[in-house]
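S.K.: missing the sequence, but the structure's below:
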């Protein structure tokens, strides 16, 4: 007898429908086809133990399980539940006509309870797209899937509950989640706030500019100057996620299994801070079973690299292409996957190995050439993609203990949102440009026009400060953002002057 239901396989950040077929007939042994990996093959033992728990049996006849399309590799333990239901129907132990109307996914424990799986959100989106009546999932995954409307999400805790539903012994109430209510209730719920930072007004200003234009930023300063503290607060001044961005971000974290139990929609911009011992594959994504890396988990948010020179050179260099293209392509012999990677890079570093080069009070003990060698760990092409270079100096005791009220993140965010609205109107006809930092070279000439006085200032700065040629476009982009924050239609001389000071590492002789 033949039984059939449907599951799903996640590829990249999208899902593909899988047909689960089971035929029980004359013969012996259990066979599985359709390129299953080890975890899928082991489902035979989990299914057998689970069905026995509830008084059913594993047929001792020839049982063939096929996962179609057969040329697509199936991975993970999420096919346990559909296989179990199909085995019971094919062997005549349950009678139902509803299996083919639903997409069914879930991992079985040996006692028949269901464990959560990864990638539920793209699976639910695919189920709605394919026109299924509903999707049956472990209870812990239901809230995540219920973000997708117009499809019944059936949460179950055990195999027995699933059997009872398909045999019409019980009714399972579909879980309904008000996506917009969740989105609006938890929007911008950040723990860190700029009002906690005393002093460092020039750094806050640089952070505001970076957030307003989506610019990458690097902070250079001695230990304890507040670089990490400032970086952790930049997410709180970025514009709120749109509902589309929230769904897109949630989908990536769902595929990576980072949402946790009973999670639903991500409503705040992600902040990822990997340790400097990270590998290049962990950063950009990939692996034997391709997974999104840290730069994709930071999509629509911030990637913070603390102590940048301590990262391996190869790790930093693999970021160059994703920073330009805003996506990562993982290529294998039989498949090519795209992961989105539209992130804002925030990096910090000490100016030298001892950390006290250019310190106002402490003396640097590094020998001749060591400072330059330390900075050269960061390649020119990578620095070329970082718009703002900010020197951070320690906060004095008087400033640190002052009772003056600092500006809150919400106040700064209001100005950032206004600047982003100006950019949205400017780039409304563009499909791949949403902020000033994303402008192509040909757009810079059109959008960032400067007058004769500004041209003279920029020329003088490049000659006297020894700025590199690669700094030219970056200065214009940053000055355009400064003008947007000021509500100015054109870039003025003072906007250019402020942008020029944010190119510290381009100055010849900066490190001796």
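M.R.: Thanks, I have the structure now. No experiment lies behind these values; they were computed from the predicted model shown.

S.K.: how about the strands in the stretch 151-300 of the chain?
M.R.: Using DSSP state E, counting those that start in this stretch, the strands of the stretch 151-300 of the chain run over 152-156, 217-220, 271-272, 285-286, 291-292.

S.K.: can you list those strands in CSV and add distance to residue 112 and mean pLDDT?
M.R.: In this view, the C-beta of every residue, glycine as well, is placed from N, C-alpha and C. Shown next, in CSV, are the strands of the stretch 151-300 of the chain (distance: least, C-beta to C-beta, whole Å; pLDDT from 0 to 100):
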stretch, distance to residue 112, mean pLDDT
strand 152-156, 11, 96
strand 217-220, 53, 92
strand 271-272, 37, 94
strand 285-286, 35, 86
strand 291-292, 29, 89
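
S.K.: make a markdown table from those strands and add mean neighbour count to it.
M.R.: Listed next are these as a markdown table, based on neighbours: other C-beta atoms under 10 Å:
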| stretch | mean neighbour count |
| --- | --- |
| strand 152-156 | 21 |
| strand 217-220 | 24 |
| strand 271-272 | 20 |
| strand 285-286 | 23 |
| strand 291-292 | 24 |
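
S.K.: and those: which comes nearest residue 257?
M.R.: Comparison of those against residue 257 by C-beta to C-beta identifies strand 291-292 as nearest, at 8.5 Å.

S.K.: what pairs with the closest one, parallel or antiparallel?
M.R.: strand 285-286 (antiparallel) (DSSP bridges).

S.K.: what sits up against the partner strand?
M.R.: Residues from elsewhere that reach strand 285-286 (C-beta atoms under 8 Å, 6 or more residues apart in numbering): 291, 292, 293, 295, 296, 328, 330, 339.

S.K.: again, 7 Å this time
M.R.: In this structure, residues lying in contact with strand 285-286 by C-beta atoms under 7 Å, 6 or more residues apart in numbering are 291, 292, 293, 296, 328, 330, 339.

S.K.: where in the chain is pLDDT low?
M.R.: Flagging of the chain using pLDDT under 70 yields the residue ranges 186-188, 262, 396-402, 468-470, 506-512.

S.K.: so which of the contacts of strand 285-286 wins on neighbours?
M.R.: Within the contacts of strand 285-286, residue 296 tops the neighbour count with 31 neighbours, counted by other C-beta atoms under 10 Å.

S.K.: does that one touch residue 328 like I think?
M.R.: Yes. With contact defined as C-beta atoms under 7 Å, residue 296 counts as touching residue 328 (6.1 Å).

S.K.: shared neighbours of the two, anything?
M.R.: 285, 339, 341.

S.K.: look up phi and psi at the last one.
M.R.: Just to be clear, that refers to residue 341. Dihedral angles phi and psi of residue 341 (degrees, to the nearest 10) take the values phi -150, psi 50.

S.K.: what about it, distance to residue 303?
M.R.: The gap separating residue 341 from residue 303 is 9 Å, by C-beta to C-beta, to the nearest Å.

S.K.: need the shared contacts of residue 296 and residue 328 in JSON lines with distance to residue 348, can you?
M.R.: As requested, the shared contacts of residue 296 and residue 328 are exported to JSON lines (distance: C-beta to C-beta, whole Å):
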{"residue": "285", "distance to residue 348": "24"}
{"residue": "339", "distance to residue 348": "25"}
{"residue": "341", "distance to residue 348": "21"}
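
S.K.: who's in contact with the closest residue to residue 34 other than its chain neighbours?
M.R.: Spatial nearest neighbour of residue 34, chain neighbours left out: residue 67 (3.2 Å); criterion: C-beta to C-beta, 6 or more residues apart in numbering. Taking C-beta under 7 Å, 6+ apart, we find residue 67 in contact with 18, 20, 34, 36, 74, 79.

S.K.: if we go to 10 Å?
M.R.: 7, 9, 18-21, 32-36, 40, 73-74, 79, 82-83 (C-beta atoms under 10 Å, 6 or more residues apart in numbering).

S.K.: please name the bridge partners of it.
M.R.: Applying DSSP bridges to residue 67, the residues it is bridged with are residue 20.

S.K.: and residue 261, what does it touch?
M.R.: If you count contacts by C-beta under 10 Å, 6+ apart, residue 261 has them with 116, 138, 139, 140, 141, 143, 144.

S.K.: who wins for neighbours among these?
M.R.: Greatest neighbour count in these, by other C-beta under 10 Å, goes to residue 141: 30 neighbours.

S.K.: need phi/psi at it.
M.R.: The phi/psi pair for residue 141 (degrees, to the nearest 10) reads phi -100, psi -10.

S.K.: swap in residue 103?
M.R.: Per-residue torsions, residue 103: phi -100, psi 130 (degrees, to the nearest 10).

S.K.: do residue 318 as well
M.R.: Backbone torsions of residue 318, given as degrees, to the nearest 10, read phi -70, psi -10.

S.K.: that one and residue 284 touch, don't they?
M.R.: Yes. If you go by C-beta atoms under 10 Å, residue 318 and residue 284 touch, sitting 5.1 Å apart.

S.K.: looking at these two, which is more packed in?
M.R.: Using other C-beta under 10 Å, the more surrounded residue of residue 318 and residue 284 is residue 284, with 22 against 18.

S.K.: what is in contact with residue 318 and residue 284 at once?
M.R.: Listed as contacting both residue 318 and residue 284 by C-beta under 10 Å, 6+ apart are 293, 295, 328.

S.K.: now tabulate the residues you listed in JSON lines and tack on distance to residue 410.
M.R.: As requested, these are exported to JSON lines (distance: C-beta to C-beta, whole Å):
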{"residue": "293", "distance to residue 410": "32"}
{"residue": "295", "distance to residue 410": "28"}
{"residue": "328", "distance to residue 410": "33"}
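
S.K.: in helices, which of these fall?
M.R.: If you go by DSSP state H, the shared contacts of residue 318 and residue 284 have residue 295 in helices.

S.K.: what ranges do the strands span in the stretch 301-450 of the chain?
M.R.: Secondary structure of the stretch 301-450 of the chain (DSSP E, counting those that start in this stretch): strands at 302-305, 327-331, 336-340, 344-349, 388-391.

S.K.: let me have those in JSON lines, adding distance to residue 427 as columns.
M.R.: Below are those laid out as JSON lines (distance: least, C-beta to C-beta, whole Å):
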{"stretch": "strand 302-305", "distance to residue 427": "21"}
{"stretch": "strand 327-331", "distance to residue 427": "18"}
{"stretch": "strand 336-340", "distance to residue 427": "18"}
{"stretch": "strand 344-349", "distance to residue 427": "17"}
{"stretch": "strand 388-391", "distance to residue 427": "20"}
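
S.K.: residue contacts, residue 500?
M.R.: Residue 500 neighbours (C-beta under 10 Å, 6+ apart): 457, 458, 460, 461, 462, 465, 467, 471, 475, 478, 479, 506.
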